[in-house]
Structures are given as structure tokens and as C-alpha cells.
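A.B. asks: sequence first, then the predicted structure:
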Amino acid sequence: MEQAVFTHKEASLLAAIESEFEFSLSQAAIWTNMGPHEVRELLTGLESRGLVRQSEGGRYTFTKEGLSAKRQLSQRSSKNFLISEEGNRLDSASVDSALGDAISRLE
Amino acid sequence: MEVLISGAIAALLTFFDIARTFYIPSGTKRRVPFLLWAIFFVLVNGALACLLYQAVKDFSSLSSYNPYLKAILVGASYLVLIRSKLATIKVQNEEVPLGLEYVYNGAKEFVYKQMNRISTKALTEEAATLAGQKTLKELASTASAYITNNSLLSDQEKTARKAWLLKILQDATTDEEKRTTLATYLLSERM
């Protein structure tokens, strides 16, 4: 069987979304550790390849092909690798400082 | 009495799985249909565990156990037992496993799909309401404090979560979508 080719980010998204059911863009952003804009772009790409489809209210579901791609990927990667990779190379003091600055700049 | 212990334990395990998987806001009208599906599935699993206890209680391998211990063992291992393969048959030279797993998984998927549809709609509605009531600064501050004070997260997970929060604030999307994402995060973490 031919294996689908994914970018690292697409693979991360497919692996991180555990739900086989409907999910919202915000939930996908939370589960994948990505921003909503980035997730929407990735989901739009996957939708054009027939792997996800948008349902009622802008929510998403995986198609049969999408679920099959997820299964293929789950054999190759652990579900939380995105979080653990980021956690390893991030410096907590600089993240705290950047986040504090970003929040204080908000109105 | 023993049969009820098996049923109660299996029902409790089913309840824990539902509670871990779904979130349903307390003040929504969608709570009633969600709870009906949840109660239905908990009761079905409890009833099946009772039947399972009746079916296996006289097995010679279990005969040395105290009846209460036997009931606890059957209830606790119900989900494993119902997924076990009872036999295999040969179809066109291939071994095909026979068991209840396929039926059980199909039923669970059907029920979980209904509950997920209800809970996702309710969460989306509640997140939209919260996002409309709070500013981005308020939501981001609350999320940051929640991550800092969360005892279940490791330091590494806290850093990763805060980096994600920063990513949301810097994301090239609308203010409304950022608020909705943070509101969804706060609600699904059940604050």
C-alpha cells in the first residue's frame, strides 16, 4: 500500500489529535501546541487532500483516509513528542519573561 | 450480592473513562442528553459485567477464590475480558479472531460519537460566551496562572504550555480567535 507523505508539522498534527470524532479548531490548537492560524492552514491542506472534512459549525472530523494516515503515523511516533521536544529545548526563565512581557503589552 | 459488585466496579470504570474523555458544562441544556447517553452506557457495561460474572463464576480456575474477591476480579477485568478473543476460525487460510471486541468497540464508538458531538457543541458555545466576557489580557493572565499553579504538570510541561500560550498571543490570527482558543483551553482544563 502506498504511504502518504507528510511534512513534519502535518505529521505532528495528525499524531497529536487523539479524537477520532469531531473537534474544533481551538481544541486542535491546544492538543497540537500550535497557534490557531497555523492549525487552520494545516487543516486546510489536509482537507484538500481528503484527510479531514469540515462539519457543522466549523468543526472538523477525520475521513477514513485521515484515520488510516493517523494509524500509520502512530506506529512511527509517540503521541506527545511535540510537547516533549519543545519542553526539552525551551528555557523556562526566558519563556516566563517573554510571556510576562507579551501579557503586559496587551490592553 | 457478588454479581452486583462486579457490575458496580465495571460501571465505575466506565464512568471514570467517560469523565476523563469528555467535558460538559454544568449550565447547558445539552447536559441532559449527554447524561442520558452516559448513564445508558454505564448501565449497559454494569449489566454486561453482571452477565459475565454469572458466566465465569463456576470456572475451576476461579473456584479457590473468595466469592467477593472473584466478583471484584471479574468487574475490574471486565473491559479486558470483553475484548478477548474467544476463538479463531480459518477463512481462506487466514486466522480470523472471534470475540466480542468488534461488537463492543462498535457500540462504544457509536455512543462516544453521540456524547462527543454534544460535549464539543457545548464546549464551543461556552468558550464563545467566556471569550465574549473577558479580554485577551484577562484570559492570558488566568491561563498563565493556571499553568504555574498546576501541580499535575512537570516543570518541562509547564514551560511547553507557557511557550504555547506565548505562541497564541503572537499568532497571526484575530483577537477573537485567540480569546476563543484560550477560553477553550481554560474550560477544557475544567477551571
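C.D. replies: On my side now, so go ahead.

A.B. asks: what is the neighbour count of B:Glu22?
C.D. replies: Residue B:22: Phe, not Glu. Per other Cβ atoms under 10 Å in any protein chain shown, the neighbour tally for B:Phe22 reads 19. C-beta: built from backbone N, CA, C; applies to glycine.

A.B. asks: how near is the residue lying closest to it once chain neighbours are set aside to A:Val39?
C.D. replies: In space, and not counting its chain neighbours, B:Phe22 is closest to B:Ser119: 4.5 Å by Cβ to Cβ, 6 or more residues apart in numbering or on different chains. According to Cβ to Cβ, to the nearest Å, B:Ser119 and A:Val39 sit 20 Å apart.

A.B. asks: can you check B:Lys29 too?
C.D. replies: For B:Lys29, the distance to A:Val39 - Cβ to Cβ - is 29 Å.

A.B. asks: circling back: name the residues of the host helix or strand of the residue nearest to B:Phe22 that are buried.
C.D. replies: Using DSSP states H and E, B:Ser119 sits within helix B:101-133. Using 16 or more other Cβ atoms under 10 Å in any protein chain shown as the test for burial, helix B:101-133 gives B:108, B:111-112, B:114-124, B:126-128, B:130-131.

A.B. asks: stretch B:51-63 now?
C.D. replies: By neighbour count on 16+ other Cβ under 10 Å, the buried set for stretch B:51-63 is B:52-53, B:56-57.

A.B. asks: among those residues, which one lies nearest to chain A?
C.D. replies: B:Leu52 (26.5 Å; Cβ to the nearest Cβ).

A.B. asks: what helices or strands is the helix or strand encompassing the closest one leaning on?
C.D. replies: Under the criterion of DSSP H and E, B:Leu52 resides in helix B:31-56. In this structure, helix B:31-56 packs against helix B:2-21, helix B:67-76, helix B:78-82, helix B:101-133, with contacts taken as 3 or more Cβ pairs under 8 Å, 6 or more residues apart in numbering or on different chains; DSSP states H and E.

A.B. asks: how far does it sit from the chain's center?
C.D. replies: 14 Å (Cα atoms, centre = their mean, to the nearest Å).

A.B. asks: what's the neighbour count on the residue in chain B that chain A sits nearest to?
C.D. replies: Using Cβ to the nearest Cβ, the point where chain B gets nearest to chain A is B:Asp171, with a distance of 3.2 Å. B:Asp171 has 19 neighbours, counted by other Cβ under 10 Å.

A.B. asks: spatially central, which residue of chain B would that be?
C.D. replies: Nearest to the mean C-alpha position of chain B, by Cα atoms, centre = their mean, lies B:Thr21 at 2.6 Å.

A.B. asks: no more questions from me, cheers.
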